[in-house]
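*Asks:* Everything below, folded, please.
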Amino acid sequence: IAGIFQDLTINPTVANNFQFGNRMIVRASTTATTTAIGGFIRMIDNTALGNTVRGLEVQAYSGTNVQGTNTGIIAFGRTFGIQGITTGEAGGVSNPAGVYAELQNGTQGNAFRAYSSTSTSATLVQFFQETSAYTGTGLDMNFGVGAGSFTGNFMTLQRAGVAKFNINASGTTVIASSSAAAGASSTLTVCAQTNCTLSATSSASVLWVASVDGTTGTNSIVARGSITGNAADFAEWVPVAGEKNDYEAGDLLAIATSTSSSTELFIKTQTVNDPRLAGAISASAAFIAGAENGTEGKVVMALSGRISVKVNGENGFIKAGDLITASSKLGTGAKAIQPGRVLGMALESFDGISATSTGKVLTLINPHWYVPPVEITAGELQGGQTGTGQILNTYTFDPNTLYSFENLKVKNLTAQNVEVGTNELPSGITIYDTVTKNPYCIIMENGVLKSVPGKCGEGVTTGVIATSTALNANQAPPLVQTIETVVAETVAAPLEQTVSSSLIILPEISTSTSTEPAATSTTTILELDSTSTIIQEPTSTLVIETVASSSIVAESTSTTETTLTQIVTTETIATSTASSTPQ
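*Replies:* Predicted structure coming up:
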């Protein structure tokens, strides 16, 4: 049924010409502003049925030719080529639209295309709304609805065929990339224009930024101004031992001493003043590093800044300014009251009524070794001073250090074992004479203690003669001593001689207490060479005693008493006649 039915055949014989099936010319020759319509079709449907009503239908796809350009309707206009208006009332079957475009090809074509070969600055597509308040969506893309699926791109912006902005089906946004979007769960990826080598190992990331050339050796972000984050700390993804779900914000972390895996590096603090205390878990950091190999099995450990950390009342009330260390409870801090590793400084108070009291304290993260102040009463400091201050850990008791202390002065010293000097550098102890007030260096030589005038280390060396211990009648063992410098005397007259020989004295000990010498007793004193000896006669008594002036006094039962005085510094022996009173 048709009001007008025509069946026409177009069969031109001249190329690149026009031929019309129907042609109508309508001229607008109005003398006033009006609306002129060349052709008008009105469809009226007053039913209540789900009818499909079309005012005009044009089919141009009939036939088999697919070589040319097949267009259903083409419209030219000085204002609008096509203007589509809908009242939006008939929404029972389809959602109303001013313009509806549909593509019925699975691999090529567009449902909507905006094109220009002449425009230089105009806007090809514009979404515009005015007058009323608007709460809708300017552009809505909804793919994979119902039984469908979607793995393509929501949007791809290109320049000369090269993608510069891309949003894929997972929501990943890639800016200035020549490759596919990276990171299945990322929301924004920024790459260089010619290179994007980001891996797809991240999860739940917000922003990925590649360096200018896609490597790790050049800049990734250069800020011309400030970068501001809402959180107050800087942190790092760190691997933890055990299950990640066993850790939570505020836990104190320590470096693990031993792990079953090389990737398990951190654990909750284990002991009081844990010496491996490293940081605490942050709830939300402004900057987080350490995601290069992903974040699986990792927690965010604060490196600096302010975060809330777990504490208890083991060491009492915490006030702002107190330092926080590890307590006996796993991953929980307490007030630092003794030397040890601390996490940082409390910025607020905590009422630790008892050791079991728990809570959180905002803490300025600054891991370091803490030494508490010490109070010194009157006279305990050098110069008799008093005061309170920090112990400065500037000295060491490391046995491998030659001089741990350059100079150390103490008033009283009690020790169980004392070692003076070493095998390579034997030394002595300086003692001051109670009478002369002069210093003497006490040394050990061949198993015998000796004293040498002067301070140890100031010109006094080993191998120098010192006076020997006195012999008395109660000493049974004979004394055998090697002396580097010796002089012998046979007369009472003064004698001064410099020699370098050895003397071995093998005295016979007499128990006689008689002060009168026997008429027949004699003392033999010989001039010595390196192998000579003095052998005291059995009837005489020889006493060698230690005196402050390092003199060797020889006394015999003969009528002549002789004193031999050793001068150590010049290795010169001076002898003189002894006084009538034995020295």
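*Asks:* what about the longest strand in this structure?
*Replies:* If you go by DSSP state E, the chain has its longest strand at strand 298-312.
*Asks:* Alpha carbons only: can I get whichever helix or strand comes after that one in PDB?
*Replies:* Remark: after strand 298-312, the chain's next helix or strand is strand 323-326, criterion DSSP states H and E. The C-alpha coordinates for strand 323-326 follow below in PDB (Å, rounded to 0.1, in the frame of the first residue of the first chain):
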ATOM      1  CA  LEU A 323      61.600   8.900  73.600                       C
ATOM      2  CA  ILE A 324      59.900   5.700  72.600                       C
ATOM      3  CA  THR A 325      61.700   2.300  72.600                       C
ATOM      4  CA  ALA A 326      60.600  -1.300  72.300                       C
END
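*Asks:* Residues contacting strand 323-326, please?
*Replies:* 252, 254, 269-274, 277, 309, 311, 318, 332-336, 340-346, 361, 363, 370 (Cβ atoms under 8 Å, 6 or more residues apart in numbering). In short, each C-beta sits where N, CA and C put it, glycine included.
*Asks:* In its sheet, which strands sit next to the helix or strand hosting A278, and in what direction?
*Replies:* Per DSSP H and E: A278 is located in strand 277-281. Strand partners for strand 277-281, identified by DSSP bridges, are recorded as strand 252-255 (antiparallel), strand 298-312 (antiparallel).
*Asks:* I'd like to know which of those strands is closest to F150.
*Replies:* Checking those against F150 by Cβ to Cβ gives strand 298-312 as the closest, at 31.9 Å.
*Asks:* So which bits of that closest one are buried?
*Replies:* Using 16 or more other Cβ atoms under 10 Å as the test for burial, strand 298-312 gives 298-312.
*Asks:* can you check stretch 30-49 too?
*Replies:* For stretch 30-49, a neighbour-count test (16+ other Cβ under 10 Å) marks nothing as buried.
*Asks:* and G250, how many residues sit next to it?
*Replies:* 21 (other Cβ atoms under 10 Å).
*Asks:* hmm, I was thinking of I337
*Replies:* I337 has 15 neighbouring residues, counting by other Cβ under 10 Å.
*Asks:* mind checking pLDDT for it?
*Replies:* If you check I337, the pLDDT there is 92.
*Asks:* same check, this time on T363
*Replies:* On pLDDT, T363 comes in at 97.
*Asks:* Am I right that it is in a helix?
*Replies:* No: assigned with DSSP: H, G, I helix; E, B strand; the rest coil, T363 falls outside any helix and is strand.
*Asks:* which residues does it contact?
*Replies:* Counting by Cβ under 8 Å, 6+ apart, T363 touches 280, 306-309, 324, 333, 343-347.
*Asks:* and if we set it to 10 Å?
*Replies:* Contact analysis of T363 by Cβ atoms under 10 Å, 6 or more residues apart in numbering lists 233, 250, 252, 280, 302, 305-309, 311, 318, 322-324, 333, 342-348.
*Asks:* Equivalent analysis for I255, please.
*Replies:* I255 neighbours (Cβ under 10 Å, 6+ apart): 238, 265-267, 274-279.
*Asks:* and it, what are its bridge partners?
*Replies:* For I255, the beta-bridge partners are F266 (DSSP bridges).
*Asks:* For it, give its distance to P367.
*Replies:* According to Cβ to Cβ, to the nearest Å, I255 and P367 sit 11 Å apart.
*Asks:* who touches both of those two?
*Replies:* Shared contacts of I255 and P367 (Cβ under 10 Å, 6+ apart): 277-279.
*Asks:* and K450, backbone torsions?
*Replies:* With angles defined as degrees, to the nearest 10, K450 sits at phi -140, psi 160.
*Asks:* what's the answer for N245, then?
*Replies:* phi -70, psi -10.
*Asks:* Quick one: end-to-end distance for stretch 56-75.
*Replies:* 14 Å (Cα to Cα, to the nearest Å).
*Asks:* Quick one: mean pLDDT over that stretch.
*Replies:* Rounded mean pLDDT across stretch 56-75 is 92.
*Asks:* for I25, helix, strand, or coil?
*Replies:* With three-state DSSP as the basis, I25 sits in coil.
*Asks:* Hmm, it is touching G38, no?
*Replies:* Yes: at 8.6 Å, I25 and G38 qualify as touching, with contact defined as Cβ atoms under 10 Å.
*Asks:* Quick check: neighbours shared by these two?
*Replies:* Common contacts of I25 and G38 (Cβ under 10 Å, 6+ apart): none found.
*Asks:* so Y432 bridges to which residues?
*Replies:* For Y432, the beta-bridge partners are P439 (DSSP bridges).
*Asks:* I281 now?
*Replies:* Note on I281: beta-bridge partners M301, judged by DSSP bridges.
*Asks:* Tell me the pLDDT of it.
*Replies:* At I281, pLDDT is 97.
*Asks:* Please apply the same query to I318.
*Replies:* pLDDT, I318: 96.
*Asks:* what's the residue lying closest to it once chain neighbours are set aside in contact with, if anything?
*Replies:* Leaving out its chain neighbours, the residue that sits closest to I318 by Cβ to Cβ, 6 or more residues apart in numbering is F350, at 4.0 Å. Taking Cβ under 10 Å, 6+ apart, we find F350 in contact with 311-313, 316-320, 322, 324, 333-335, 357-362.
*Asks:* Convert the longest strand of the chain to PDB, retaining C-alpha atoms only.
*Replies:* C-alpha atoms of strand 298-312 as PDB (Å, rounded to 0.1, in the frame of the first residue of the first chain):
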ATOM      1  CA  LYS A 298      55.200  -6.100  52.200                       C
ATOM      2  CA  VAL A 299      54.100  -3.500  54.700                       C
ATOM      3  CA  VAL A 300      54.600   0.300  54.700                       C
ATOM      4  CA  MET A 301      57.300   1.200  57.200                       C
ATOM      5  CA  ALA A 302      57.700   4.900  58.200                       C
ATOM      6  CA  LEU A 303      61.200   6.200  57.800                       C
ATOM      7  CA  SER A 304      60.600   9.700  59.000                       C
ATOM      8  CA  GLY A 305      57.700  12.000  59.800                       C
ATOM      9  CA  ARG A 306      54.800  11.700  62.300                       C
ATOM     10  CA  ILE A 307      52.700   8.500  62.800                       C
ATOM     11  CA  SER A 308      50.800   6.900  65.600                       C
ATOM     12  CA  VAL A 309      52.600   3.900  67.200                       C
ATOM     13  CA  LYS A 310      51.500   1.300  69.700                       C
ATOM     14  CA  VAL A 311      52.700   1.900  73.300                       C
ATOM     15  CA  ASN A 312      52.100   0.500  76.800                       C
END
